[in-house]
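**Q** Turn this into a structure:
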Amino acid sequence: MIQDFLQVKRLEGYGLTDLPDFKSDFSSGMDICANFLETDLKKELLIPSNGRKIISTGLALEIPKKCEGQIRSRSGLSIDHGVIVLNSPGTIDEDFRGHLKIILANFGTEDYFIKQGDRIAQLVIVNIVRPQIKLVENLSETKRGNKGFGSTGISSI
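**A** Modelled structure (predicted):
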């Protein structure tokens with residue numbers, strides 16, 4: 001069962017931005033903001049077209065027990081600018097306490113600037129099952145069997 005609290009620590013030397021936050025009553029993901037060092041006068045970072053950058057959040061998290069944090073792309077950034085979380089979903093393990101940084105890639109045709117406080121990704125907290133591993137000679141049979149990529153077709157008609 002997921003605990004009620006995601007513990008968040010603001011890291012020293014970073015500006016004040018919004019904490020992770022649900023933007024609607026039924027959102028599954030919390031928005032995460034870019035956050036630059038207070039000594040960084042620019043307060044923005046260029047992600048060139050077909051480039052990628054690590055974006056700081058100025059936050060460290062304590063993920064609830066038996067959960068993971070998943071970092072996902074924001075749909076508006078993806079469709080409007082081609083900017084995505086590169087290793088989506090990125091995983092934040094329960095025992096990680098370091099600086100949360102987000103890998104963003106720009107697959108758009110134009111350079112994109114990330115500014116202080118921009119909402120750059122979503123954080124979803126999910127339960128994790130850690131099953132015991134058992135080596136077997138055979139697996140149970142299914143209709144699909146070992147048919148892989150594309151085996152279920154495209155059309156629903």
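
**Q** which residues pair with the nearest residue to Pro89 once chain neighbours are set aside across the strands?
**A** With CB to CB, 6 or more residues apart in numbering as the criterion, Pro89 has its nearest non-adjacent residue at 3.8 Å, and that residue is Gln70. Every residue, glycine included, has its C-beta placed from N, CA and C. Note on Gln70: beta-bridge partners by DSSP bridges are Thr91, Val124.

**Q** Was I right to think Gln70 contacts Ala121?
**A** No - if you go by CB atoms under 8 Å, Gln70 and Ala121 don't touch, sitting 9.9 Å apart.

**Q** between these two, who's got more neighbours?
**A** Ala121 (29 against 19; other CB atoms under 10 Å).

**Q** check contacts around the more buried one.
**A** Contact partners of Ala121, counting by CB atoms under 8 Å, 6 or more residues apart in numbering, are 31-32, 71-74, 85, 102, 104.

**Q** Counting neighbours, which of the residues you listed comes out on top?
**A** Ile32 (28 neighbours).

**Q** The residue of the chain most remote from its centre and Arg144, how far apart?
**A** Largest separation from the mean C-alpha position in the chain: Glu137, at 36.8 Å (CA atoms, centre = their mean). Noted for Glu137: a distance of 20 Å to Arg144, by CB to CB, to the nearest Å.
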